[in-house]
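# The sequence and its predicted three-dimensional model are supplied below.
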Amino acid sequence: MSRAAVEPIAPVDAQAIRTALRSTLGASRTLPPEAYLSEEVLAWERSHFFEGSWVCLGRAEELSGPGVVREWHGWAFADASGYALPFEEHVGNLDELVAPWEPERLFVAGKHEYVVNANWKTITENYHECYHCPSIHPALCKVTPVDSGENFPHNGCWVGGNMELMDFAETMSFTGRGGGMPIRGLDEKQRREVYYYGLFPNLLISLHPDYVMTHRMDPLTPGKTWVECSWLFPPEVTELADFDPSYASEFWDVTNREDWAACESVQRGLASRGARQGPFALERGRGSPVHGHRRPRLPGGAHLPSAAGQRLRRGGLLTRGQRAVLLRGGGARTICRRPGKGAEAGPQAPSVPP
């Protein structure tokens with residue numbers, strides 16, 4: 001008998017969970033703060049989600065030794081418990097959405113590692129909504145309309161959708177221009193959009209016209225998460241004398257750090273005495289490609305602040321000047337690779353201040 005069959009209930013207030021699972025938007029609420037703060041909850045998640053499910057271990061070519069159970073598009077997955085769903089059911093129809101990019105033939109050209117002072121679910125939730133984008137992501141908002149995109153119907157343990165590129169933009173970068181080559185075989189629509197998918201529990205896959213980015217997470221404590229961000233490119237770019245993956249990695253490193261500051265602010269808000277379960281928005285609004293809900297309006301057309309926005313303000317968002325100081329810091333380790341060549345570690349930046 002599986003461990004999940006013996007201990008099916010998470011150590012969180014049952015009524016709070018029922019409130020979060022209500023099917024009617026407006027009546028449902030976010031998870032209670034203890035879901036993001038409790039050591040007991042994290043232990044339960046490790047047992048049921050990270051050991052009792054298909055967890056991503058990284059790229060298969062970077063792993064050695066026994067124990068890798070399943071390879072999928074170049075990523076290695078393992079079910080430590082032996083009781084997870086069949087892998088095909090776990091990924092469901094995500095396979096057909098990812099396949100056109102042929103990730104298995106791409107190579108890792110850049111990699112950053114971060115330690116974020118936030119719960120792993122806070123990071124996942126941040127990835128899956130863009131209500132916050134106009135407030136903290138100026139570079140991102142220049143190259144993608146944050147009110148574009150939609151949810152995709154899904155089966156399996158994933159969720160996600162798309163966002164469009166601005167008319168002038170070729171990809172997600174500071175200038176909107178690419179520095180590599182388009183991934184072969186993509187149709188016109190796929191070359192004009194970016195796709196954001198979260199495969200439970202720990203892999204976020206972002207498909208661009210010319211590269212694939214992933215975030216792989218490992219929870220260290222309830223309030224601390226290790227994140228590995230990788231950029232994969234088609235092998236054809238090695239034919240370019242001036243290929244440099246930094247046009248993608250530097251853009252997303254800045255965006256990542258903006259997100260980490262927001263996530264850490266949310267985490268501080270969750271730990272405050274005033275933290276409560278917040279409502280989900282009723283309608284779809286600007287920059288909500290995955291959740292697909294718009295904030296309710298007040299008379300006269302003004303938006304009510306989203307629950308996430310309220311938490312960010314309660315937690316104390318950094319000022320523009322403070323954010324600039326943070327971005328000049330570091331905490332990331334950059335690794336650049338080409339096929340058949342060893343890894344070269346870039347300069348170590350100073351750690352991000354707490």
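Done, it's in.
# Report the buried residues of stretch 164-175.
By neighbour count with 16 or more other Cβ atoms under 10 Å, stretch 164-175 contains the buried residues Glu164, Leu165, Ala169, Glu170, Thr171, Met172, Ser173. C-beta coordinates here come from the backbone N, C-alpha and C atoms, glycine included.
# Narrow the residues you listed to those in strands?
If you go by DSSP state E, the buried residues of stretch 164-175 have Glu164 in strands.
# which residues of the chain fall in strands?
All strands of the chain, identified by DSSP E, fall at 55-59, 70-72, 75-78, 107-116, 158-164, 193-199, 203-207, 212-221, 224-233, 335-336, 344-345.
# ok so, going back, from the buried residues of stretch 164-175, pick the one nearest Leu97.
Ranked by distance to Leu97 (Cβ to Cβ), these are led by Glu164 at 16.4 Å.
# just so I know, which of the strands of the chain lies nearest Asn151?
Of all the strands of the chain, it is strand 158-164 that lies closest to Asn151, at 4.6 Å by Cβ to Cβ.
# Off-centre distance for that closest one?
Here the centre of mass of C-alpha atoms in strand 158-164, compared against the chain's by Cα atoms, centre = their mean, to the nearest Å, lies 11 Å away.
# which helices and strands sit right next to that strand?
Using 3 or more Cβ pairs under 8 Å, 6 or more residues apart in numbering; DSSP states H and E as the contact criterion, the elements in contact with strand 158-164 are helix 94-98, strand 193-199.
# Return the angle between stretch directions for it and strand 203-207.
Computed with axes from the mean of the first three to the mean of the last three Cα atoms, to 10 degrees, the direction of strand 158-164 lies at 30 degrees from that of strand 203-207.
# Restricting to C-alpha, output strand 158-164 in PDB.
What follows is strand 158-164 as a C-alpha-only set of coordinates in PDB (Å, rounded to 0.1, in the frame of the first residue of the first chain):
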ATOM      1  CA  TRP A 158       0.400  20.300 -15.400                       C
ATOM      2  CA  VAL A 159      -1.100  23.700 -16.100                       C
ATOM      3  CA  GLY A 160      -0.100  26.500 -18.500                       C
ATOM      4  CA  GLY A 161      -0.800  28.700 -21.500                       C
ATOM      5  CA  ASN A 162       0.700  31.200 -23.900                       C
ATOM      6  CA  MET A 163       1.600  34.900 -24.200                       C
ATOM      7  CA  GLU A 164       2.200  36.700 -27.400                       C
END
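# Which residues does that strand contact?
Outside strand 158-164, the residues within contact range by Cβ atoms under 8 Å, 6 or more residues apart in numbering are 91-92, 94, 97, 128, 130, 144-146, 148-152, 154, 192-200, 205, 289-290, 292.
# pLDDT value on Asn155, please?
At Asn155, the pLDDT value in this model is 94.
# and it, how many neighbours?
Residue crowding around Asn155 was assessed by other Cβ atoms under 10 Å; the count is 10.
# Please name the residues that touch the spatially closest residue to it that is not a sequence neighbour.
Leaving out its chain neighbours, the residue that sits closest to Asn155 by Cβ to Cβ, 6 or more residues apart in numbering is Gly92, at 4.0 Å. Taking Cβ under 8 Å, 6+ apart as the contact definition, Gly92 lies against His154, Asn155, Gly156, Cys157, Trp158.
# any idea how far Trp54 is from the first one?
His154 is 16 Å from Trp54, where distance means Cβ to Cβ, to the nearest Å.
# try Arg22
Summarising the geometry, the distance separating Arg22 from Trp54, computed by Cβ to Cβ, is 28 Å.
# Compare neighbour counts for these two and give me the winner.
Per other Cβ under 10 Å, whichever of Arg22 and Trp54 has more neighbours is Trp54, with 26 against 12.
# How about the backbone phi and psi for that one?
Backbone torsions of Trp54, given as degrees, to the nearest 10, read phi -90, psi 100.
# Hmm, Tyr83 and it touching each other?
No: Trp54 lies out of contact with Tyr83 (Cβ atoms under 8 Å); the separation is 11.1 Å.
# okay, and the common contacts of the two?
Overlap of the contact sets of Trp54 and Tyr83 (by Cβ under 8 Å, 6+ apart) is empty.
# give me the beta-bridge partners of His112?
Legend: beta-bridge partners of His112 under DSSP bridges are Cys229.
# helices and strands around the lengthiest helix in the chain, which ones?
If each helix of the chain is counted by residues according to DSSP state H, the longest one is helix 246-270. The contact analysis (3+ Cβ pairs under 8 Å, 6+ apart) places helix 246-270 against helix 34-37, strand 107-116, helix 120-127, helix 133-136, helix 138-143, strand 224-233, helix 307-315, helix 320-328.
# Out of those, which gets nearest to Ala261?
Across those, the minimum distance to Ala261, taken as Cβ to Cβ, is reached by helix 320-328, at 5.8 Å.
# ok so, going back, who wins for proximity to Trp75 among the helices and strands packed on helix 246-270?
Nearest to Trp75 among the helices and strands packed on helix 246-270 is strand 224-233 (10.0 Å), distances taken as Cβ to Cβ.
# which other helices and strands contact the closest one?
Under the contact criterion of 3+ Cβ pairs under 8 Å, 6+ apart, the helices and strands touching strand 224-233 comprise strand 107-116, helix 120-127, strand 212-221, helix 246-270.
# Show me where the protein dips below the pLDDT cut-off.
1-8, 64-67, 281-354 (pLDDT under 70).
# and with 80 instead?
Applying pLDDT under 80 to the chain picks out residues 1-8, 25-26, 64-68, 280-354.
# circling back: can I get the buried part of the contacts of strand 158-164 as one PyMOL selection?
Restricted to buried positions by 16+ other Cβ under 10 Å, the PyMOL selection for the contacts of strand 158-164 reads:
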select buried, resi 91+92+94+97+128+130+144+146+148+149+151+152+192+193+194+195+196+197+198+199+200+205+289+290+292
